[in-house]
Every structure is written in structure tokens, then in C-alpha cells.
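A.B. asks: coordinates for the following, if possible.
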Amino acid sequence: MKSSGFYLVLLGLVGVAFFWVTDPRWGWTGLWGDAGSLIDRANEAMIGTIVGFIGCAAMVVTGVWLMFKRAT
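C.D. replies: Okay, here's the model as predicted:
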């Protein structure tokens, strides 16, 4: 197992956790603030959260590929 791939997977998982925590709809930031602005904040942040999840998933897949790829 290669350490570069492991760290890339770890960084991707930390990124997923960051985007989940900071999303107003799913994360912990939705617990604070008034309910009226929560809907507006959730709608504005949804595209950023989805793009972040996709980017982090690409990092995890790349890291897994690097960990198990044979040296040539």
C-alpha cells in the first residue's frame, strides 16, 4: 500500500466531512440561526455541497487507484 494514495483517500474523506458539516441542510450549521433564513441558506449552498462531494469522491477514487496500482 502506497502512502500517497492513503493520504489522498484520507484528505478526500476529510473534505466530505467538511462539506457535510458546513451544509445548512444536512450539517451542524443548520442547528443555529432562525428557521426563515435556513431555507434560503440551504438552497444557496446546495450546489456547492454537491460539487464538493463530487470533487472529494474523485479524490478518494484516485487515492484508492494509486494505493493498489502496480509499479511499472
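
A.B. asks: output the below-cut-off pLDDT ranges for the protein.
C.D. replies: For the chain, the stretches with pLDDT under 70 are 1, 27, 29-36, 38, 72.

A.B. asks: next, the buried residues of the longest helix anywhere in it.
C.D. replies: Scanning the chain for the helix with the most residues, using DSSP state H, yields helix 35-68. By 16 or more other Cβ atoms under 10 Å, the buried positions in helix 35-68 come out as L38, A42, A45, T49, G52, C56, M59, V60, G63, L66, M67. C-beta coordinates here come from the backbone N, C-alpha and C atoms, glycine included.

A.B. asks: spatially central residue in this structure, please.
C.D. replies: V16 (2.0 Å; Cα atoms, centre = their mean).

A.B. asks: contacts only, for that one.
C.D. replies: Taking Cβ atoms under 8 Å, 6 or more residues apart in numbering, we find V16 in contact with G52, F53, C56, A57, V60.

A.B. asks: how close does the fourth one sit to T49?
C.D. replies: Between A57 and T49 the computed distance is 12 Å (Cβ to Cβ, to the nearest Å).

A.B. asks: repeat for the last one
C.D. replies: To T49, V60 is 16 Å away according to Cβ to Cβ.

A.B. asks: picking up where we left off before, out of the buried residues of helix 35-68, the closest to L10 would be?
C.D. replies: Of all these, G63 has the smallest distance to L10: 7.8 Å, by Cβ to Cβ.
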